[in-house]
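Trainee: predicted structure and sequence below. I'll ask about it afterward.
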Amino acid sequence: MLHDPGDIHVPESREEPLLFRCRDISFSYGRKNVLHQISLSAGRGEIIGLLGPNGCGKSTLLRCIAGVLKSHQGSLHYGSSSKSGLAPRERARHVSFLPQHQLDVPGITVRKLVILGRNPYSVTGWHQSAEDRRAVHQALEQLQLLDLQHKPLDQLSGGERQRAWIAMTIAQDTPLILLDEPVSYLDLRHQWAVLEVLTELKRTMGKTLIAVFHDVNHAMAVCDRVYVMKEGRIYSRGCPESVLNEDCLQEVYGVRTCLCSVGEGERSVVVPLCPCKMRRTGPSSSVKTTTEKEGVLS
Ligand SMILES: Nc1ncnc2c1ncn2[C@@H]1O[C@H](COP(=O)(O)OP(=O)(O)OP(=O)(O)O)[C@@H](O)[C@H]1O
């Protein structure tokens, strides 16, 4: 059962001006219908999370929003312009998009990759303006890549490469930034460092971000609103704390979870309850926590 009123055209009540909205987007790959009448909006300075199980259509939706795929039905608006009203170069000044998988660019250095993000602004070939240099330096600094900027991309680890692509996307300096699983290859420290960068982009520069997350706790921590998808439809949407509850996660992912408060109760985290095979079965269990192994627990 779908919980989302957006599927039946209920307008969202929003106080801030909308930066982006799409209405009734549908998309098929050949005969395979993947998106069914999706409506979504994003205000200025909002982080929107797209969540849902593998194959539910998140990347396809993001690619439709980016204009990489042309939806068969529905409308897209960036600010007051309809998507069809924007030339590709103009659109690239409005929307940047980091896909889930990137092409190999043999031999290119990190810095040169990030400079490519400035392409929509170049008027005289490859000459870089002071603004280009500032944006490139800032993106490299934000993604902690200054030390790696002259290294070829193909000599970096997967996570370093991911940060370089995010830096390129940020250097494009667009009001709307679309990110498909931006932290999927990153270690714990860099995951949270990148999430911090996304929050800063919103807070200090008023950027609007729409990002796919697989980790519901990432969405819980940084998103103002989330859209949870199931089988090509919006199942539920709203603020993360109210949407990402046990019932929703059970229904959408088929996983039992428990919502816990952390700190002084200012933040909620989702803890998946392990399936029976992994569950400890009592004192005879061979699985022990680190503290138990060290004999800290009696
Ligand atoms: N180029 C393509 N041609 C045909 N079918 C495709 C193509 N790309 C994706 N699909 C199918 O469309 C559906 C949605 O795919 P999509 O990549 O949008 O899902 P997703 O929610 O982003 O999944 P994941 O979490 O695994 O990245 C899937 O069933 C997938 O097999």
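Mentor: Thanks, I have it. Numbering: from 1, shown residues only.
Trainee: my guess is Ile170 meets Ile177, correct?
Mentor: Yes. Between Ile170 and Ile177 there is a contact under C-beta atoms under 8 Å: 7.2 Å. The way it works is simple: take the backbone N, C-alpha and C, and place the C-beta from them, glycine included.
Trainee: strands along the stretch 151-298 of the chain, start to end?
Mentor: For the stretch 151-298 of the chain, the strands defined by DSSP state E, counting those that start in this stretch cover 176-180, 208-212, 225-230, 233-238, 257-262, 267-272.
Trainee: other SSEs contacting the last one?
Mentor: This means strand 267-272. On a contact count with 3 or more C-beta pairs under 8 Å, 6 or more residues apart in numbering; DSSP states H and E, strand 267-272 meets helix 216-222, strand 257-262.
Trainee: what's the answer for the third one, then?
Mentor: Packed against strand 225-230 by the contact rule (3+ C-beta pairs under 8 Å, 6+ apart) you find strand 47-51, strand 233-238, helix 240-243, helix 246-253.
Trainee: could you redo the last one with a cut-off of 6 Å?
Mentor: Judged by 3 or more C-beta pairs under 6 Å, 6 or more residues apart in numbering; DSSP states H and E, the packing partners of strand 225-230 are strand 47-51, strand 233-238.
Trainee: tell me which of the ones you listed lies nearest to Val270.
Mentor: Val270 lies closest to strand 47-51 among the helices and strands packed on strand 225-230, at 11.0 Å (C-beta to C-beta).
Trainee: quick one: mean pLDDT for whichever helix or strand comes after the closest one?
Mentor: Counting by DSSP states H and E, the next helix or strand C-terminal to strand 47-51 is helix 58-66. For helix 58-66, mean pLDDT rounds to 95.
Trainee: ok, Asp173 - contacts?
Mentor: Listed by C-beta atoms under 6 Å, 6 or more residues apart in numbering, the contact set of Asp173 reads Ala135.
Trainee: Ser26 - how many residues pack around it?
Mentor: Close neighbours of Ser26, defined as other C-beta atoms under 10 Å, add up to 16.
Trainee: His36 belongs to a strand, doesn't it?
Mentor: Yes. Assessed with DSSP: H, G, I helix; E, B strand; the rest coil, His36 lies in a strand.
Trainee: next, count neighbours for it.
Mentor: His36 is flanked by 18 other residues according to other C-beta under 10 Å.
Trainee: can you pull the contacts of it?
Mentor: Counting by C-beta under 6 Å, 6+ apart, His36 has contacts Ser26, Gly232, Arg233.
Trainee: Asn119 versus the last one, what's the distance?
Mentor: Here the criterion is C-beta to C-beta, to the nearest Å. By it, Arg233 lies 35 Å from Asn119.
Trainee: more neighbours: those two, which one.
Mentor: Neighbours per residue (other C-beta under 10 Å) separate Arg233 from Asn119, with Arg233 holding more: 18 against 14.
Trainee: correct me if wrong: Arg44 contacts Leu19.
Mentor: Yes. If you go by C-beta atoms under 6 Å, Arg44 and Leu19 touch, sitting 4.8 Å apart.
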